[in-house]
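>>> Below are the sequence and a predicted model for it; my questions follow.
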Amino acid sequence: HFPQSPVGGEECCSPDPNIYMRSYNNGERNHSRSSNQNTFKTPGSNNPDTSIETSDAPEVDTLKNADPVFGMLLPEIKRALKKQAYTKPTEIQRQCIPPLLDGCDLLGSAQTGTGKTAAFTLPLLQYVASHPKPYRSKNARVLILAPTRELAIQIRESIQTYGAYLSIRDTVVYGGVSQRPQEKDMRRGVDFLVATPGRLMDLVGQGVIRLDTIEALVLDEADRMLDMGFIHDIRRIMALLPKKRQSLFFSATISREIQKLSEELLSNPVSVAIAPKEPTVDRINQKVFFVDNKKKYSLLLSLLEERETKKVIIFTQMKHTANKLAEKLGKSGVRSSAIHGNKSQTARMKALDSFRSGRLRVLVATDVAARGIDVDGITHVINYQLPKEPETYVHRIGRTARAEKDGAALSFCSADERGLLMGIERMIRKSIDADHDHPFHCPIAARPAPSNKAKAGNSSNTRSGGRRPKSGPRSWRNTNNDRRGGSRFRAA
């Protein structure tokens with residue numbers, strides 16, 4: 001049998017799948033999920049994920065040739081995985097599935113494109129299918145929280161894909177659309193409820209949804225939820241959940257805030273941190289182009305003329321910039337559309353579907369979609385405007401080079417963005433190669449931004465010296481003691 005679940009217990013599950021494999025190889029198929037729940041009866045079999053390794057090899061009997069981790073799953077789940085040509089688990093699936101099947105709480109850290117969604121979806125599908133219960137109006141058994149509508153929809157699609165041969169009900173709840181279909185689903189009761197925090201709290205407040213029967217909770221992209229200000233909604237949601245439940249936190253990064261939240265809400269969790277074989281930023285061909293703001297569009301058109309730019313996401317900071325850029329590209333003959341928070345859900349899904357299918361070559365997005373876009377085959381990410389937060393740069397460029405493939409990230413940097421570039425390079429611990437040979441190169445933008453040390457030193461010298469020159473040139477302040485950083489380049 002598996003070790004005792006930490007939910008309500010004192011032991012912590014081991015993330016080493018070999019510990020679990022021994023009991024399965026000996027034919028012991030019943031394992032306790034937690035002290036207050038029923039036991040699993042898991043027939044032997046096989047498994048993987050949305051980024052699970054695939055194979056073009058001839059069909060084989062997967063029930064007899066199962067990967068040890070996938071062998072823990074129900075035949076119906078393996079059948080769905082086989083239909084998707086998934087043959088091997090990714091590393092995060094290999095480490096997460098065994099303890100999750102045993103009912104452990106879990107704190108997982110992994111980059112996008114590692115197969116994280118299947119790592120929690122597969123064991124939860126197995127639990128619900130192995131422990132059927134009557135449906136209760138307004139209630140769900142599993143709650144999965146996601147920061148964006150797009151991510152919530154993609155998680156639901158994964159549930160439907162992997163649960164294709166199981167008798168389960170699911171729904172997704174998010175804002176920006178009519179809530180009537182969501183109310184209808186919840187009146188019938190569901191097994192899986194995927195939701196964004198804002199709309200979920202609205203429907204809870206209206207009495208449309210009850211959370212007192214939740215048996216498992218998943219926070220996906222927990223760090224992004226905190227960045228978007230959902231922390232208060234999350235705490236209110238937690239207060240409405242049963243204390244005895246399985247809880248899973250997944251995050252691209254484990255910040256102090258995430259660690260603190262996990263300590264409050266998880267019980268003796270298994271910690272799984274997956275470092276990719278090669279960091280995402282290292283697999284991506286990154287370049288920076290120094291360019292004046294007025295020349296950015298001309299540079300963009302010249303890059304889009306290259307044959308290699310087949311499927312492109314362009315990121316901007318502002319929604320109105322995204323709209324204007326998509327409109328100009330359309331007039332220039334480039335099939336494109338914009339996606340951001342002010343767009344209706346219907347418009348956003350239409351744009352994403354067109355981009356996936358190839359009807360659109362370019363998708364212009366703001367950072368609200370930086371982690372919510374899961375589209376295969378993106379060849380280029382173009383940062384038309386650099387992000388204000390260095391971490392957002394990594395999330396943006398993570399849209400390409402997925403599933404171990406290569407990709408390119410091209411960043412436009414004007415003079416007033418030089419400090420932002422310096423922050424990005426400091427965070428990724430490498431200098432981004434610059435292309436100085438393009439026809440729109442701006443030498444002023446290419447100048448290094450004043451370092452913080454230099455500015456601090458000059459500031460302290462001024463204070464300790466007691467006096468500034470009475471009649472020195474105004475550029476003395478602008479170049480040496482301007483704490484805004486890089487302001488001497490603003491005029492350019």
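Nice, thanks for sending it over.

>>> okay, CA-based contacts and neighbour counts for the rest of this
OK.

>>> For the chain, which residues score under the pLDDT cut-off?
1-66, 112, 275-282, 368-372, 403-404, 449-492 (pLDDT under 70).

>>> can you give me the helices in the stretch 301-450 of the chain?
319-331, 345-357, 390-397, 418-428, 443-446 (DSSP state H, counting those that start in this stretch).

>>> Can you add mean neighbour count and give the ones you listed back as JSON lines?
JSON lines is the format used below for these (neighbours: other Cα atoms under 10 Å):
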{"stretch": "helix 319-331", "mean neighbour count": "17"}
{"stretch": "helix 345-357", "mean neighbour count": "17"}
{"stretch": "helix 390-397", "mean neighbour count": "20"}
{"stretch": "helix 418-428", "mean neighbour count": "18"}
{"stretch": "helix 443-446", "mean neighbour count": "18"}
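
>>> Mind putting the ones you listed into a markdown table with distance to Y174?
Supplementary listing: the helices of the stretch 301-450 of the chain in a markdown table, determined by distance: least, Cα to Cα, whole Å:
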| stretch | distance to Y174 |
| --- | --- |
| helix 319-331 | 20 |
| helix 345-357 | 9 |
| helix 390-397 | 22 |
| helix 418-428 | 32 |
| helix 443-446 | 42 |
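
>>> Ok, which of the ones you listed comes nearest I168?
In terms of Cα to Cα, the element of the helices of the stretch 301-450 of the chain nearest to I168 is helix 345-357, at 24.6 Å.

>>> got a list of contacts for the closest one?
Defining contact as Cα atoms under 8 Å, 6 or more residues apart in numbering, one finds that helix 345-357 is touched by 149-150, 175-177, 337-340, 360-363, 373, 375-376.

>>> so which pair among those is furthest apart in space?
Among these, G175 and R361 lie farthest apart (Cα to Cα), at 27.3 Å.

>>> who has more neighbours, the two?
Counted by other Cα atoms under 10 Å, G175 and R361 do not tie: R361 has more neighbours, with 20 against 17.

>>> Got phi/psi on that one?
Main-chain torsions, R361, degrees, to the nearest 10: phi -90, psi -30.

>>> Looks like it contacts V312 (just checking).
Yes - here R361 reaches V312: they are 6.4 Å apart, a contact under Cα atoms under 8 Å.

>>> all helices of the stretch 101-250 of the chain, in order?
Using DSSP H, counting those that start in this stretch, the helices found in the stretch 101-250 of the chain span residues 116-130, 149-162, 180-188, 197-205, 222-227, 231-240.

>>> Name the stretch among these that sits most buried.
Comparing the helices of the stretch 101-250 of the chain by mean neighbour count (mean count of other Cα atoms under 10 Å), helix 116-130 ranks first with a mean of 23.

>>> From E305, how far off is V291?
With distances taken as Cα to Cα, to the nearest Å, V291 is found 18 Å from E305.

>>> Give me the more crowded residue out of those two.
Counting neighbours by other Cα under 10 Å for V291 and for E305 shows that V291 has the greater number, 26 against 11.

>>> ok, the more buried one to V381 distance?
V291 sits 17 Å away from V381, going by Cα to Cα.

>>> Distance of D437 relative to V288?
Remark: distance between D437 and V288 (Cα to Cα) = 11 Å.

>>> Let me fix that, I meant to ask about P197.
Counting by Cα to Cα - P197 and V288 are separated by 36 Å.

>>> Same question for A434.
5 Å.

>>> Can you report phi and psi for Q206?
phi -80, psi 0.

>>> What count of nearby residues applies to it?
Neighbour tally, Q206, other Cα under 10 Å: 10.

>>> again with Q259
12.

>>> now L360
19.

>>> Next: T213.
Residues near T213, counting by other Cα under 10 Å, number 17.

>>> circling back: how about the helices of the stretch 101-250 of the chain in a markdown table, adding distance to R136?
Shown next, in a markdown table, are the helices of the stretch 101-250 of the chain (distance: least, Cα to Cα, whole Å):
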| stretch | distance to R136 |
| --- | --- |
| helix 116-130 | 14 |
| helix 149-162 | 20 |
| helix 180-188 | 7 |
| helix 197-205 | 15 |
| helix 222-227 | 28 |
| helix 231-240 | 17 |
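
>>> closest to D212 out of those helices?
Evaluated over these, closeness to D212 peaks at helix 231-240, with 6.4 Å, by Cα to Cα.

>>> tell me how far the closest one is from the chain's mean position?
Mean-position distance between helix 231-240 and its chain equals 21 Å (Cα atoms, centre = their mean, to the nearest Å).

>>> is the closest residue to Q160 other than its chain neighbours in a bridge, and if so with what?
Spatial nearest neighbour of Q160, excluding adjacent residues (Cα to Cα, 6 or more residues apart in numbering): D170 at 8.0 Å. With DSSP bridges as the criterion, D170 is bridged to F192.

>>> list the contacts for D170?
Residues in contact with D170 (Cα under 8 Å, 6+ apart) are 156, 159-160, 190-194.
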